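**Q** Sequence plus the predicted model coming up.
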Amino acid sequence: KYEDERIKQVYIESMLVAMRSGNRRARQYFPKILELACNEEQLGQVLQCCMASVPVWMFLMWIPQMLTVLDTKDFTVVHHALSAIARQYPQALSFPVLISDDTLDKDAMPVKCRMLFTKLKEEVVSSHLEKFVDELRRLTNPFTAFMDWLDEVEVFIKRGNKDDIIAAFADFKKSFLATGKYDSSGRKVGEVWRTAAKAVADKVFEACGKNGDKLLRMSTKDFNEKVKKVLKKRFKDKAKEQGKKQKPSRALQNYSPFLSDYKNPGTKLQIEIPGQYMNDELPHPEEHAMIESFDQRLLVMASMRQPMRLKFRGSDEREYPFLVKAGEDLRTDARVEQLFCNMNQILMSDKACGSRQLQLRTYNVIPMTMRIGMLEWVENSDVLKNMIANGMSQQEKDLTARKKSPMTHFSQFMAKFTRTRDTIDMYCAIMSKADPKAIVASFRAREGLVRATALRDSLLQMSTTPEAYLTTRQHFGRTLATMNTCQYILGIGDRHLSNTMIDQQTGGVIGIDFGHHFGSATELLPIPELMPFRMTRQLESVFLPHSKDGLIAEVMTHVIGALRRERKLLVSTMEVFVVDPSMEWQQQAGGNVRRYAKQKVALAKLKLNGFNPVYVMQQEIKDNKRVMKKDKKWMEKIKKIIAGDPNTNFRAQVGEEGLSASEQVKCLLDHATDPVILGVTWAGWEPWM
């Protein structure tokens, strides 16, 4: 035991010395060091002592992980580092502290710890900053915000926490149900919110009571039947009614008069443009751009939640566009982007990847609270769905929208195997009853309804010369292969046509929206995702007359080889999810969240150790409770589809483990392009494109 303790102590001391000397790799191991130190008091004292000699900016990227320690007995380990950050880089700490204010159980915290956190918040979060963040919540569809509130109240009712129920209603009433020009606190209310409040306020008060008192007497069942069901219908009806009358307003003034009239207040109240502490380098806050004002015109996205692009005007006379996402917790996206940055460092250091400039395109993700965050706007880019449409003629677009569309064709094919209209039953029937040859024939027919070279033509239109097109195509291929490989390692799923973007100047591919990660698209979705990444006909056809086995396979082999060689470093960084599990993981774990998180990281480790993707996915699918509950025979059929046919599929011809990098890539490409899998994939994923 003594020798084990001594080894851990030397490890901690050595890593902190390496950090102090400027070693970037050592910084990536800090979450692991923190985990070790927080398990044993003596090691905690060693870490606290060693951290005092390391420049405090080197810990900025791990602020969220340090804050999670504050509600434990080990809070003294990070106390001095957090206090130093508050003094030197207060705005680097502001948003993480706001998030911790929502997530930490302050009632269960030791008194000293609670006092430390209160002091931290006072130092880095001003009332002006809180008002700014609160106003950003207004940049969304009001009716979507109303429905989010219903989900929040339902959670509090399940817990039986009456104080939280009343507080949630009071906040909702003050913030979202003001029908006059000012709310009860004197805040100006935008016209969009006033109109929405007038449409629903009477119904809300009727269902919940003037002060939410009716909610206190309701069970979860009563709330769902008497409140949630009734109000959701009212919210949806009014949203449709207003949507028919006019398009969403683009004027900032109509959502938030405060942001519209905003001017830099100067002194200590001025707010930095978010995202200036993201680089793993020594920051210079005195050189950071401050928010001066905002552009008066918003760009409203067409998706269900209608997130909005807001342009910040900085003190450096530049504009900074961000996509404001209200009602969403962006911490997972931020962590995934952080892991991508770590992968980029590995690829840059690798000879084969570095010489080919194989890199992921990353962007800043700024979680501000549990309910609001922002994404750095990627200029001159568009989603894959629109890029494919750009390469089609109007006649082709019209054809795919009519009865001969692939979607209609797929519905007709599924109807042969079941009479039910239940979506899950239909997919269960086609996977369980359809012959693989019939699935393939039907899928190829759907592919044939859309010209294979639409995306290639779209990229061609971007290029001024044939030589420029070849450069664009090469960059497209390299970034696509790099992105697919890295996303496979992290288990990023739900790669439909709107979750991948293309840079319209370079042809580079950019992944967005990482809500499904570490295999959750296979484990949790009622219609599980059975492919490792997107490599469909439109993507393959860009490289004609060459096949995916050329450039794509070559790049993927180099990338996965580099990542496998640095698997210890990557796994150590992934263990951030173990130290500080996301809210989704806490909900999914059901009990032992730490054990659940370790299982997720263990599956990523299998990928980095050269396991067959079939074996990894079969471990993920066996935990899909929705499939098991529906039909155990369906589960067995899914496993068989994943495994492939030994006569035609390479992945079924090799073992479970010990694959070389090139064999692993060959299995992945075979898996991703299997027409049997694509032929039973959820229609919204549009596998024929």
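**A** Looks like it arrived, so ask away.
**Q** wait, doesn't Ser249 sit right on Trp193?
**A** No: counting by C-beta atoms under 8 Å, Ser249 stays clear of Trp193, with 10.7 Å between them. The way it works is simple: take the backbone N, C-alpha and C, and place the C-beta from them, glycine included.
**Q** Looking at these two, which has the bigger crowd around it?
**A** Trp193 (21 against 15; other C-beta atoms under 10 Å).
**Q** can you give me the helices for the stretch 51-200 of the chain?
**A** Applying DSSP state H, counting those that start in this stretch to the stretch 51-200 of the chain gives helices spanning 63-67, 76-88, 90-103, 111-124, 127-136, 142-159, 162-176, 191-208.
**Q** Give me the distance from the fifth one to the chain's centre.
**A** The one in question is helix 127-136. 24 Å (C-alpha atoms, centre = their mean, to the nearest Å).
**Q** Show which residues not belonging to that helix make contact with it.
**A** Applying C-beta atoms under 8 Å, 6 or more residues apart in numbering, the contact partners of helix 127-136 are 94-95, 98, 175, 256, 258-259, 262, 265, 269, 271, 310, 324, 326, 368-369, 372, 374.
**Q** could you flag which of those are buried?
**A** Using 16 or more other C-beta atoms under 10 Å as the burial test, these include 94-95, 98, 175, 256, 258-259, 262, 271, 310, 324, 326, 368-369, 372, 374 as buried.
**Q** Just the ones of those residues in strands?
**A** 310, 324, 326, 372, 374 (DSSP state E).
**Q** Identify the residues contacting Trp442.
**A** Heads up, residue 442 is Ser, not Trp. Applying C-beta under 8 Å, 6+ apart, the residues contacting Ser442 are 409-410, 413, 679.
**Q** Looking at the residues you listed, which one is closest to Trp62?
**A** Of all the contacts of Ser442, Gly679 has the smallest distance to Trp62: 44.8 Å, by C-beta to C-beta.
**Q** one step back: ok, which pair from the ones in strands among the buried ones among the contacts of helix 127-136 is furthest apart?
**A** Leu310 and Ile372 (11.9 Å).
**Q** Can you pull the poorly scored residue ranges out of the stretch 301-450 of the chain?
**A** For the stretch 301-450 of the chain, residues meeting the criterion pLDDT under 70 lie at 304, 400-403.
**Q** for the stretch 551-689 of the chain, that is, sorry about that
**A** 579, 583, 590.
**Q** re earlier: buried deepest among the helices of the stretch 51-200 of the chain, which one?
**A** Of all the helices of the stretch 51-200 of the chain, helix 63-67 carries the top mean neighbour count, a mean of 22, counting by mean count of other C-beta atoms under 10 Å.
**Q** who's in contact with that one?
**A** 30-31, 34, 59, 78, 81-82, 85, 92-93, 96-97, 99-100, 104, 331, 576, 579-580.
**Q** Following element in sequence after the helix or strand encompassing Asp425, please.
**A** Asp425 is part of helix 423-433, with elements assigned from DSSP states H and E. Counting by DSSP H and E, the next helix or strand C-terminal to helix 423-433 is helix 436-447.
**Q** for Asp549, helix, strand, or coil?
**A** Recorded secondary structure, Asp549: coil (DSSP: H, G, I helix; E, B strand; the rest coil).
**Q** ignore the last one, Thr464
**A** coil.
**Q** How about the one 5 residues further on?
**A** With three-state DSSP as the basis, the three-state label of Tyr469 is helix.
**Q** Now do it: how many residues are near it, please.
**A** Neighbours of Tyr469 using other C-beta under 10 Å come to 17.
**Q** what's the spacing between the residue nearest to it when sequence neighbours are not counted and Lys385?
**A** Computed as C-beta to C-beta, 6 or more residues apart in numbering, the closest residue to Tyr469 that is not its neighbour in sequence is Ser463, at 3.7 Å. The gap separating Ser463 from Lys385 is 21 Å, by C-beta to C-beta, to the nearest Å.
**Q** Phi, psi for the nearest residue to Thr103 once chain neighbours are set aside please.
**A** Spatial nearest neighbour of Thr103, excluding adjacent residues (C-beta to C-beta, 6+ apart): Met370 at 6.9 Å. Dihedral pair for Met370: phi -70, psi -10, per degrees, to the nearest 10.
**Q** Export only the CA atoms of stretch 154-169, formatted as CSV.
**A** Output of stretch 154-169 as CSV, limited to C-alpha atoms (Å, rounded to 0.1, in the frame of the first residue of the first chain):
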residue,chain,number,x,y,z
GLU,A,154,-42.9,18.3,-13.8
VAL,A,155,-39.4,17.4,-12.5
PHE,A,156,-40.0,19.4,-9.3
ILE,A,157,-43.4,17.8,-8.8
LYS,A,158,-41.9,14.3,-9.1
ARG,A,159,-39.4,15.3,-6.5
GLY,A,160,-42.1,16.8,-4.3
ASN,A,161,-40.1,20.0,-3.7
LYS,A,162,-42.7,22.6,-3.0
ASP,A,163,-40.2,25.5,-2.7
ASP,A,164,-38.8,24.8,-6.1
ILE,A,165,-42.3,24.6,-7.6
ILE,A,166,-43.3,28.0,-6.2
ALA,A,167,-40.0,29.5,-7.2
ALA,A,168,-40.2,28.2,-10.8
PHE,A,169,-43.8,29.5,-11.1
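**Q** quick one: that stretch to chain centroid distance?
**A** With C-alpha atoms, centre = their mean, you get 27 Å for stretch 154-169.
**Q** And stretch 547-555, by the same measure?
**A** The answer for stretch 547-555 is 28 Å, by C-alpha atoms, centre = their mean.
**Q** measure it end to end?
**A** One end of stretch 547-555 to the other measures 13 Å (C-alpha to C-alpha, to the nearest Å).
**Q** So which bits of it are buried?
**A** For stretch 547-555, by 16+ other C-beta under 10 Å, it's 548, 551-555.
**Q** tell me which of those residues is nearest to His284?
**A** Val555 (36.5 Å).
**Q** which one is the closest one nearest to, not counting chain neighbours?
**A** Nearest to Val555 is Ala481, by C-beta to C-beta, 6+ apart, at 3.7 Å.
**Q** sec struct for the one you found, please.
**A** Per three-state DSSP, Ala481 ends up helix.
**Q** and it, how far is that from Leu669?
**A** From Ala481 to Leu669 the distance is 10 Å (C-beta to C-beta).
**Q** for the closest residue to Tyr427 other than its chain neighbours, what are its contacts?
**A** Nearest residue to Tyr427, sequence neighbours excluded (C-beta to C-beta, 6+ apart): Ile527, at 4.9 Å. In this structure, Ile527 makes contact with 423-424, 427, 682, judged by C-beta under 8 Å, 6+ apart.
**Q** List just the nearest of those residues to Arg318.
**A** Of these, the one sitting nearest to Arg318 (C-beta to C-beta) turns out to be Trp682, at 41.8 Å.
**Q** what's near enough to touch the closest one?
**A** Residues near Trp682 by C-beta under 8 Å, 6+ apart: 427, 525, 527, 529.
**Q** now Phe650
**A** By C-beta under 8 Å, 6+ apart, the neighbours of Phe650 are 666-667, 670.
**Q** Turn these into TSV, columns for neighbour count, distance to Leu449 and secondary structure.
**A** Shown next, in TSV, are the contacts of Phe650 (neighbours: other C-beta atoms under 10 Å; distance: C-beta to C-beta, whole Å; DSSP: H, G, I helix; E, B strand; the rest coil):
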residue	neighbour count	distance to Leu449	secondary structure
Lys666	20	30	helix
Cys667	24	30	helix
Asp670	19	25	helix
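**Q** hmm, back to that, hang on, isn't the residue nearest to Tyr469 packed against Gln474?
**A** No: checked against C-beta under 8 Å, the pair Ser463 and Gln474 is beyond contact range at 11.6 Å.
**Q** Show me the helices in the stretch 551-689 of the chain, by range?
**A** 551-565, 567-574, 576-579, 583-589, 593-608, 613-621, 625-630, 632-643, 661-672, 675-678.
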